[in-house]
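In: sequence unavailable; structure follows:
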């Protein structure tokens, strides 16, 4: 008899517990499929970058630009070889939507010229970090690795003393010798040369993409022929573009022109930046 009285009591207790756990949407309780933390714990996801693909690198450089950067390319006699030189050689990559590149090499009687264009689309795998921010971080590392020198102050030349800037006395002006005039001319020429060198030094560029820089390195190969490497890199949103333009003179003692090479590489960089912006 005690057993019969006990079983209904246990059943009643279980019914009460189940009713308290399940609840219903009508009385404001939580249903079985709901999650109390879902409503207020959503984390904002950083926006993706502007670019979700890359252009074909070998087709990104026009023939006119290649003619300028690789002067010997038009002089290749064999048509098939000339067309192959214009086409370039694509960089091996396993994901052309993330990385793409192309290489060109042309030999002439005056020099050996190399050109490479590399494009990288940066994707952040951290939902709290945008693609643009990740690309900015990677570009900052690239700038650091380039080891750009500190910019030369515009007023870093030798200061002129007050006595030197004062008007000369009549006797001093009449006694000025040809040698002193020649010395002044040489000094002015040296000052102009120093100013030009400062304009061509490796530096950050504020007129290329979101940020950019140019690097210029002159080296001698084993044969003592001069070899210059100009690198121009820039970032536009989540894409980083790197151009390497290298020239080795065919004759010993000939130095590849820094200004000419920088102008050519920067012109190409500006064209690529415009094409990406479009």
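Out: Happy to help now that I have it. What you see is a predicted model; the values in this text were computed from it and never measured.
In: just the helices from the stretch 51-200 of the chain, written as ranges.
Out: Applying DSSP state H, counting those that start in this stretch to the stretch 51-200 of the chain gives helices spanning 63-69, 79-87, 131-146, 162-165, 170-174, 178-200.
In: ok, how many other residues are close to the closest residue in space to residue 91 that isn't next to it in sequence?
Out: Once flanking residues are discounted, residue 91 sits nearest to residue 101: 3.2 Å by CB to CB, 6 or more residues apart in numbering. In short, each C-beta sits where N, CA and C put it, glycine included. Counted with other CB atoms under 10 Å, the neighbours of residue 101 add up to 20.
In: residue 101 and residue 89 touch, don't they?
Out: No: look at residue 101 against residue 89 with CB atoms under 8 Å: they stay out of range, at 9.4 Å.
In: where's residue 93 relative to residue 277, distance?
Out: Computed as CB to CB, to the nearest Å, the residue 93 to residue 277 distance reads 24 Å.
In: so which of those two has more stuff around it?
Out: Legend: neighbour count by other CB under 10 Å for residue 93 and residue 277, higher for residue 93 (16 against 10).
In: contacting residues around the more buried one?
Out: 99, 100, 101 (CB atoms under 8 Å, 6 or more residues apart in numbering).
In: quick one: it from residue 78, how far?
Out: 29 Å.
In: what of residue 142?
Out: Residue 142 sits 38 Å away from residue 78, going by CB to CB.
In: pick out whichever of those two has more residues nearby.
Out: Set residue 142 next to residue 78 and count neighbours by other CB under 10 Å: residue 142 wins out with 16 against 9.
In: neighbours of the residue nearest to residue 82 when sequence neighbours are not counted, how many?
Out: Closest residue to residue 82 apart from its sequence neighbours, by CB to CB, 6+ apart: residue 76 at 4.0 Å. Using other CB under 10 Å, residue 76 is surrounded by 18 other residues.
In: one more: residue 75?
Out: 12.
In: do the same with residue 69
Out: 22.
In: ok now do it, which residues does it touch?
Out: Going by CB under 8 Å, 6+ apart, the list of residues near residue 69 reads 104, 113, 115, 245, 264, 265, 268.
In: with that, I have no additional questions.
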